[in-house]
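A.B. asks: This is the structure alone, sequence omitted:
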């Protein structure tokens, strides 16, 4: 996958923008330690649930499992990660009891600032990081690997259980996605090195041995797949759009699934994001015209409906469509704009902090003799040779593949 030959400077800035949303290698290590500490902490001698968690299994799901983690952008520099805590339901316990007891069991977790009991998970809130721990009751054998029930217990409705298989979904995603060309990966790596992403997390915890799946390496190549890049940009854009709305946003798992069902574009990063937005808009239009909800099923476990809590009304889909059309209009405007105008557009779409860093990184990569205002309308800016290395004539073939991320929900207080 080359950078867009019709707008190479715009693609370079989009790449710099998405890389500026990432976690630093050290942040990945701190987050990994917190994952690993979960079973050790819950199984400690004074733990109130230790007898039920002797064989508990903890593993990542969502963005952490597919290389799509980004800084939220709307409220602060935080990022959100997800974990499954798999253990058998104690005899006679309801979903409400499981979540309430687990909420109490997490009290005193190292470095945590606040612990919130949500409708389906326990959220551990740290400085610059939220970790959503979703308990899951494994299905009785024989079963597909790691199929089980998650608990749903809102404060204004009845308890429920939902059969899921996030582990299988993540594995399916990783098997299906293919990487772009080596030249494109080198371009991304070089720009990432120039950005020098700052560390956000501080931790006093010590990694402890426990029965836990090995987490993805801090440098996960899959994060540079074109569909994942477009997904990150879309997530950041929607974070900003929904920041001050009293409305549930489209769940990340739905966005992730559609992102990797969009074929990779031969025309670069901006074209990939545009194709993603167009496909989402098309699906919303069909749902509104037919009156049928946009259900999405787990391809490895069809019983699981990813859109079980969104949308609640046609109004939510219309708002989402308006956002998608706004994004497409702004990207079209950026294709024929000067650098200062592109920066303003990116500030509105993805956040000022990220876009300012992206602009400086792009300018720093230009040759000394090249002025950043040198451009051809409709074709983007003159690209830095160090950034836009020669690429293959044809884009790499990338398989369609969806990703997974639960929306934990919140209790109404």
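C.D. replies: Good, I have the coordinates. Computed from a predicted structure; not experimentally measured.
A.B. asks: can you pull out the helices in the stretch 251-400 of the chain?
C.D. replies: 252-259, 269-290, 314-334, 339-350, 352-364 (DSSP state H, counting those that start in this stretch).
A.B. asks: do you know which of those helices lies nearest residue 16?
C.D. replies: When the helices of the stretch 251-400 of the chain are compared by C-beta to C-beta, helix 352-364 sits nearest residue 16, at 3.6 Å. Where you see a C-beta, it was placed from the backbone N, CA and C, and this is true even at glycine.
A.B. asks: what residues does that closest one touch?
C.D. replies: 9, 12-13, 16-17, 20-21, 73, 191, 194-195, 236, 339, 342-343, 346-347, 349, 372, 381, 384, 387 (C-beta atoms under 8 Å, 6 or more residues apart in numbering).
A.B. asks: Now it: buried residues?
C.D. replies: 354, 355, 357, 358, 359, 361, 362 (16 or more other C-beta atoms under 10 Å).
A.B. asks: I'd like the residues you listed written out as JSON lines, with pLDDT added.
C.D. replies: Shown next, in JSON lines, are those (pLDDT from 0 to 100):
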{"residue": "354", "pLDDT": "75"}
{"residue": "355", "pLDDT": "76"}
{"residue": "357", "pLDDT": "76"}
{"residue": "358", "pLDDT": "77"}
{"residue": "359", "pLDDT": "75"}
{"residue": "361", "pLDDT": "75"}
{"residue": "362", "pLDDT": "70"}
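A.B. asks: so how far is residue 337 from residue 178?
C.D. replies: 33 Å (C-beta to C-beta, to the nearest Å).
A.B. asks: More neighbours: which of those two?
C.D. replies: residue 337 (18 against 14; other C-beta atoms under 10 Å).
A.B. asks: surely the more buried one meets residue 345?
C.D. replies: Yes: the pair residue 337 and residue 345 passes the contact test of C-beta atoms under 8 Å, sitting 6.7 Å apart.
A.B. asks: Any of the contacts of helix 352-364 buried? List them.
C.D. replies: So, by 16+ other C-beta under 10 Å, the buried ones in those are 9, 12-13, 16-17, 20-21, 73, 191, 194-195, 236, 339, 342-343, 346, 349, 381, 384, 387.
A.B. asks: Find me the pLDDT at the nearest residue to residue 63 once chain neighbours are set aside, would you?
C.D. replies: With C-beta to C-beta, 6 or more residues apart in numbering as the criterion, residue 63 has its nearest non-adjacent residue at 4.3 Å, and that residue is residue 69. With respect to pLDDT, residue 69 scores 80.
A.B. asks: For residue 69, give me its contacts.
C.D. replies: For residue 69, counting by C-beta under 8 Å, 6+ apart, the contacting residues are 22, 23, 63, 79, 81.
A.B. asks: Are there helices or strands packed against the one helix or strand the last one maps to, and which ones?
C.D. replies: Put plainly, it is residue 81. Using DSSP states H and E, residue 81 falls within strand 79-86. Where contact means 3 or more C-beta pairs under 8 Å, 6 or more residues apart in numbering; DSSP states H and E, strand 79-86 is packed against helix 25-42, strand 57-61, helix 63-66, strand 129-138.
A.B. asks: neighbours of the nearest residue to residue 345 once chain neighbours are set aside, just the number please.
C.D. replies: Excluding the flanking residues, the one nearest residue 345 by C-beta to C-beta, 6+ apart is residue 334, at 4.8 Å. For residue 334, the count of nearby residues is 21 (other C-beta under 10 Å).
A.B. asks: Relative to residue 101, how far out is residue 334?
C.D. replies: 51 Å.
A.B. asks: Where does the prediction get shaky in the stretch 51-200 of the chain?
C.D. replies: Low-confidence segments of the stretch 51-200 of the chain (pLDDT under 70): 74-77.
A.B. asks: could you pull out the helices for it?
C.D. replies: Using DSSP H, counting those that start in this stretch, helices in the stretch 51-200 of the chain cover 63-66, 95-105, 166-176, 182-195.
A.B. asks: In JSON lines, list these along with distance to residue 152.
C.D. replies: Shown next, in JSON lines, are these (distance: least, C-beta to C-beta, whole Å):
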{"stretch": "helix 63-66", "distance to residue 152": "21"}
{"stretch": "helix 95-105", "distance to residue 152": "6"}
{"stretch": "helix 166-176", "distance to residue 152": "15"}
{"stretch": "helix 182-195", "distance to residue 152": "39"}
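A.B. asks: So which of the ones you listed is the most surrounded?
C.D. replies: Stretch with highest mean neighbour count among these: helix 63-66 (a mean of 27; mean count of other C-beta atoms under 10 Å).
A.B. asks: which secondary structure elements does that helix contact?
C.D. replies: strand 79-86, helix 166-176.
A.B. asks: other SSEs contacting the last one?
C.D. replies: Secondary structure elements in contact with helix 166-176, counted by 3+ C-beta pairs under 8 Å, 6+ apart, are strand 57-61, helix 63-66.
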